[in-house]
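Trainee: structure, please.
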Amino acid sequence: MEQALKQRLIGATILISLVVIFVPMLIGKSPVETASLPLDIPAAPDDLDSDVLPLLDIETEVLAEVKIENRGKSVVVEQPSKEEPDSVEKKLVEEKPADKRSKIEPVVVKTASIPKPPKAKPVVGLKAWVIQVGSFSDYKNATKLADSLKVAGMTAFVDPSESKGKKIFRVRVGPEISRTKADALKDKLKAEHKIASPIVVQYP
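Mentor: Residues are numbered from 1 along each chain as shown. Have a look, this model is predicted:
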């Protein structure tokens, strides 16, 4: 028994020496300086019963110590920077340009102009009669009287001419081919339109 105990002590001493040497190397630290210790080892007898020690337990213990030591260290893991997510929701309704208001064009209402009776043209080769109702030196006064007679349904017109180097504007009604009709028209103008002195003259 004593011999077997000695062999166990020798084996344990060798394993401890190996652990002291290799554990720092595994951890990454500088190897621990080893000091040689004098051991009084008796001479081995001739017939020794060799017992095989299980090395697996020692290896697992060494690895366990390494893992425990590594756990004490804080491991910094760089996380990838989160990229800013693109905007998921897009504007469903785009801003539309303001609707251009339709320009309201002014409606031009044309008033129906009163048709003026055409000026009587002299018939070549025929004699006609007109009733002269006034003579003016101012064209505006002549047209004013002629317009009032036209509104009443008469065929009045302004006949410009000259007298003694001056322009005069005669207002006449007609013409009438028959002298009888011209005289009747003269009486009508005198009675209904208060013409003072209408004159029947040949035209042209």
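
Trainee: number of nearby residues for residue 183?
Mentor: Residues lying near residue 183 (other C-beta atoms under 10 Å) number 15. For glycine as for every other residue, the C-beta is placed from the backbone atoms N, C-alpha and C.

Trainee: also residue 24?
Mentor: Applying other C-beta under 10 Å, we find 13 other residues in the vicinity of residue 24.

Trainee: helix, strand, or coil at it?
Mentor: Under the three-state scheme (DSSP: H, G, I helix; E, B strand; the rest coil), residue 24 adopts helix.

Trainee: residues of stretch 127-146 that come out buried?
Mentor: By neighbour count on 16 or more other C-beta atoms under 10 Å, the buried set for stretch 127-146 is 128, 129, 130, 131, 132, 133, 134, 136, 142, 143, 145, 146.

Trainee: gap between the two ends of that stretch?
Mentor: Taking C-alpha to C-alpha, to the nearest Å, the span from the opening residue of stretch 127-146 to its closing residue is 23 Å.

Trainee: go on, stretch 193-204?
Mentor: 24 Å.

Trainee: show me what the mean pLDDT comes to for that stretch.
Mentor: Taken as a whole, stretch 193-204 has a mean pLDDT of 87.

Trainee: show me the buried residues of stretch 127-146 that map onto strands.
Mentor: If you go by DSSP state E, the buried residues of stretch 127-146 have 128, 129, 130, 131, 132, 133, 134, 136 in strands.

Trainee: so who does the third one touch?
Mentor: Looking back up the chat, that one is residue 130. 120, 172, 173, 174, 175, 176, 182, 200, 201, 203 (C-beta atoms under 8 Å, 6 or more residues apart in numbering).

Trainee: what's the farthest-apart pair in those residues?
Mentor: 120 and 200 (14.8 Å; C-beta to C-beta).

Trainee: what sits up against stretch 157-174?
Mentor: 119-120, 128-139, 141-143, 145-146, 149, 154-156, 182, 185, 189, 201, 203.

Trainee: mean confidence for that stretch?
Mentor: 91.

Trainee: find the nearest non-adjacent residue to residue 182, please.
Mentor: residue 129 (3.7 Å; C-beta to C-beta, 6 or more residues apart in numbering).

Trainee: who's in contact with that neighbour?
Mentor: The contact partners of residue 129, by C-beta under 8 Å, 6+ apart, come to 174, 175, 176, 177, 178, 179, 181, 182, 200, 201, 202, 203.
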